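Enquirer: sequence plus predicted model, see below.
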Amino acid sequence: MFNSSFKAIAAALLLGGSGLVVAANDGQSRANELLSADPQYRETWQGVVKKEERLPEWVMNLSGSAEQMNAVTEDGNQYLVGPLCETEQTCLNKRLIVAVSFDKKHAYGMLVEVPAGLPADKSPTRHAEYRFLGKPNEGMQGLLKEQLKKDPNWY
């Protein structure tokens, strides 16, 4: 009796402990913290941007204003996904949606630029230019676009 209770408690602790590890990695990061948080993220992101031409400094270094990232699954793989803006004030005009795999081997981005001074009655969606980084497939492009649509100011 004691032995089976002990095993049940041990199993519960192990499962609970693994849940804490998942929770710790489940969207508790911000895009502007990734490169300093882990050298492997830095290496992966540098591999994405090094072949790109004319990228803004804030995109290359993932610096700027960022919100919390979320854990998302795409095609069976888990990613941390979140927005990054050049500044909080220019977020409607210049933003990057970043996705990095949990294994830190893949990273993708969607740079979204809307002309400055766009009248409030004009939809940013219709005037935006999209640039994908990291050669995302159609599924990943869709995931990045869905993340953008979650912004209440994006219509």
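Expert: Received it, and whenever you're ready, just let me know what you need.
Enquirer: right, and the secondary structure at the spatially most central residue of the chain would be what?
Expert: Taking Cα atoms, centre = their mean, the centroid of the chain lies closest to V81, which sits 2.3 Å from it. Following DSSP: H, G, I helix; E, B strand; the rest coil, the label given to V81 is strand.
Enquirer: okay, it: pLDDT?
Expert: With respect to pLDDT, V81 scores 96.
Enquirer: correct me, but it touches F102?
Expert: No - look at V81 against F102 with Cβ atoms under 8 Å: they stay out of range, at 11.1 Å. Just so you know, the C-beta spots here come from the backbone N, C-alpha and C atoms, and that holds for glycine as well.
Enquirer: what touches both of those two?
Expert: Residues touching both V81 and F102 by Cβ atoms under 8 Å, 6 or more residues apart in numbering: A71.
Enquirer: got any ranges where the protein has weak pLDDT?
Expert: Low-confidence segments of the chain (pLDDT under 70): 1-27.
Enquirer: in it, which spans are strands?
Expert: Remark: strands assigned in the chain by DSSP state E are 65-66, 70-74, 77-85, 94-101, 107-113, 129-133.
Enquirer: out of those, which one sits most buried?
Expert: Most buried of the strands of the chain by mean neighbour count (mean count of other Cβ atoms under 10 Å) is strand 94-101; its value is a mean of 24.
Enquirer: what pairs with that one, parallel or antiparallel?
Expert: strand 77-85 (antiparallel), strand 107-113 (antiparallel) (DSSP bridges).
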